[in-house]
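# coords please:
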Amino acid sequence: MNLKKRDFYHKTNNLAKLQVFMTVFEEKNTVLAAKILGISQPAVSMQIKAAEELVGCQLFEKIGNQLFATRHGCDLYESIHKHIGKIDFAIKNLKNINHPLKKKRIHIAVHHIFATRILGKYLQQADTDVEFFVHDISRQDAIKKLKVHEIDIAIYPFYDKTPDLASAPIAQYKPLLALHKSNPLVGKTLITPADIATQNLIKIKKEHIILPLFNQFAEQYKWQSRIQFDTPDWALLTHLVRSNLGVAVVSEICLESDKDIAFKDLSHIFPLIEYSIILNPTKIYDDNVKKFLSMFPSILSQI
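Below you'll find the predicted structure:
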C-alpha cells in the first residue's frame, strides 16, 4: 500500500501561530493582539517569527508604530481566515457536545441604550432553554470580539460596514434634544445648532458619542458643557435635565413621558440613529443562534 507522506510536527502548534498571525494582521499591533489573545507581547512576537519560519517568508513590515502585512501576509490571511474561524467554532461546539447538560448560551454585545430599552422584547421571544450573556461594551471592542469569535452577535448604531463582517439595519430612531419644560427653547418650532450653543449641554466622553456630526457641530458652534461624565448613564442624565442643569442630545429610543422633561426633534440637524445587527460570516452559527436571528430576516440570509 502506498501511503501519501505528510509532514507531522508533534512538538509544534501551527494553529496557534496562525491564530496569532490573524490577530496581528487585524490589529496591526502586537500589544493589542496580546491583550485580545490573553498572552504576553513577547509571546506574540515569537509566534509571528515562528509563523514566518513556517511559511518561509516575511509576513509583516513595521511602519511607525504599526505592523502592516506584506503581500505574502495578505495572501496568507485571505487563504486561512475563514478556515481558522471554522476550526475555532468546531472546537467550541465539541466542548458543548461533551457537556450536554450545560445550557446553550448566546453572547450578545449591544449598545447600552438598546440594551436597556429594546433588547428585552427580543429576549422574551427567545427559547427559554437558551441563556443570554449581554456584553455592555463599546462598538470598537464588540467588533474585535466578533472577529475572534468571542461573541455571537453585536447590535450597535451607525456601524461602518467592513468587508469581513455582515450587517443589516434593524431599527431607526430620531435624535432629540432633552430639556426642562421651563426652558424657552420648548416654544421654538425648529431648534438650530446656534440655539444649542446658548445652553449648557450635558456631554459624555467623545469615544461614547455615536451621533455623526456631533463633535463637528460642538466645535463649530462652540457648544458649552459645564457637566461631562465618563460613561453614558440615562438615569443621571435625566436627573440633571429634570433639575434644569442643562440640555442633552439623546435618541428617540429614550423617549418617555416625564412631567419635567420635554423633547425636541433634531432630525433636521443630525441623521436618524440607525441600529444594525452585526455578525461574523466566518463563524458557523448553531441552530439556537439561527432561531434567535430569525427575528431579523435581513441578516439571516448572510450567514
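# ok, which stretches of this protein are helices?
Secondary structure of the chain (DSSP state H): helices at 14-27, 30-37, 41-55, 71-97, 112-117, 119-125, 139-147, 193-196, 214-220, 234-242, 287-293, 297-300.
# now those in a markdown table, with mean pLDDT, mean neighbour count and distance to residue 154?
C-beta here means a position set from N, CA and C on the backbone, and glycine is covered the same way. Formatted as a markdown table, the helices of the chain follow (pLDDT from 0 to 100; neighbours: other Cβ atoms under 10 Å; distance: least, Cβ to Cβ, whole Å):
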| stretch | mean pLDDT | mean neighbour count | distance to residue 154 |
| --- | --- | --- | --- |
| helix 14-27 | 86 | 20 | 16 |
| helix 30-37 | 87 | 19 | 15 |
| helix 41-55 | 89 | 17 | 25 |
| helix 71-97 | 74 | 14 | 16 |
| helix 112-117 | 80 | 17 | 11 |
| helix 119-125 | 84 | 12 | 12 |
| helix 139-147 | 88 | 20 | 4 |
| helix 193-196 | 94 | 16 | 31 |
| helix 214-220 | 88 | 14 | 22 |
| helix 234-242 | 84 | 17 | 20 |
| helix 287-293 | 86 | 16 | 12 |
| helix 297-300 | 79 | 15 | 11 |
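# now do the same end-to-end measure for stretch 202-215.
13 Å (Cα to Cα, to the nearest Å).
# in terms of contact, does residue 199 touch residue 185 like I think?
Yes - using Cβ atoms under 8 Å as the test, residue 199 is close enough to residue 185 to be in contact (7.2 Å).
# any shared contact partners between these two?
Contact criterion Cβ atoms under 8 Å, 6 or more residues apart in numbering; residues shared by residue 199 and residue 185: 179, 247.
# before we move on, back to that, in a markdown table, list the helices of the chain along with distance to residue 163.
A markdown table is the format used below for the helices of the chain (distance: least, Cβ to Cβ, whole Å):
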| stretch | distance to residue 163 |
| --- | --- |
| helix 14-27 | 12 |
| helix 30-37 | 20 |
| helix 41-55 | 23 |
| helix 71-97 | 11 |
| helix 112-117 | 25 |
| helix 119-125 | 27 |
| helix 139-147 | 12 |
| helix 193-196 | 35 |
| helix 214-220 | 27 |
| helix 234-242 | 34 |
| helix 287-293 | 21 |
| helix 297-300 | 16 |
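# Which one of those lies nearest to residue 169?
Residue 169 lies closest, by Cβ to Cβ, to one member of the helices of the chain: helix 297-300, at 7.5 Å.
# Using PDB, write out the CA atom coordinates for that closest one.
The C-alpha coordinates for helix 297-300 follow below in PDB (Å, rounded to 0.1, in the frame of the first residue of the first chain):
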ATOM      1  CA  PRO A 297     -34.600  38.100   8.400                       C
ATOM      2  CA  SER A 298     -32.400  40.600   6.600                       C
ATOM      3  CA  ILE A 299     -29.300  39.300   8.400                       C
ATOM      4  CA  LEU A 300     -30.100  35.600   8.400                       C
END
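# Can you give me the domain assignment for the protein?
Per automatic domain parsing, the structural domains of the chain span 14-94, 103-169+275-300, 175-271.
# Residue 253 is nearest to which of the helices of the chain?
For residue 253, the closest of these is helix 112-117, at 5.0 Å, according to Cβ to Cβ.
# can you pull out the strands in the stretch 201-303 of the chain?
Counting by DSSP state E, counting those that start in this stretch, the stretch 201-303 of the chain has strands at residues 203-204, 228-229, 248-251, 261-265, 273-279.
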